[in-house]
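Asks: Coordinates for the following, if possible.
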Amino acid sequence: MSECRHVRELPRPEPAPLGETCAACLAAGSHPVQLRLCLVCGHVGCCDSSPSRHATQHFEDTGHAVMRSFEAGERWRWCYEDGSIV
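Replies: Have a look, this model is predicted:
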């Protein structure tokens, strides 16, 4: 696991989650698969295994590069810009 420049730029402490699940999936009536938390703003989105890939869409819309798993017991982080676990 490496640390990219995007991790160093993250707010401390980490932002509070803006919800408990993927709001876009709920609005669309779909079931989110594996939740992700944006470490810049607290957006909660579904992973790329979900039909709509809302966490990736959030990155594409905002440029917020680093997220972490929002699943119980998981703390790994991913940088979309660098394409790696950080």
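Asks: The longest helix anywhere in the chain - contacts with which helices or strands?
Replies: With secondary structure taken from DSSP state H, the chain has its longest helix at helix 54-62. Identification of packing neighbours for helix 54-62 by 3 or more Cβ pairs under 8 Å, 6 or more residues apart in numbering; DSSP states H and E yields helix 23-28, strand 35-38, strand 44-46. From N, CA and C alone the C-beta is placed, and that goes for glycine too.
Asks: Would you mind telling me which of those is nearest residue 70?
Replies: Of all the helices and strands packed on helix 54-62, strand 35-38 sits nearest to residue 70, with 3.8 Å by Cβ to Cβ.
Asks: What average pLDDT does the closest one get?
Replies: The average pLDDT within strand 35-38 is 98.
Asks: what lines up beside that strand in the sheet?
Replies: Paired strands of strand 35-38, with direction, are strand 44-46 (antiparallel), strand 66-69 (antiparallel) (DSSP bridges).
Asks: Which residues outside that strand are in contact with it?
Replies: 14-15, 17, 21-22, 43-47, 55, 58-59, 62, 64, 66-71, 78 (Cβ atoms under 8 Å, 6 or more residues apart in numbering).
Asks: I'm done for today, thanks for sticking with me.
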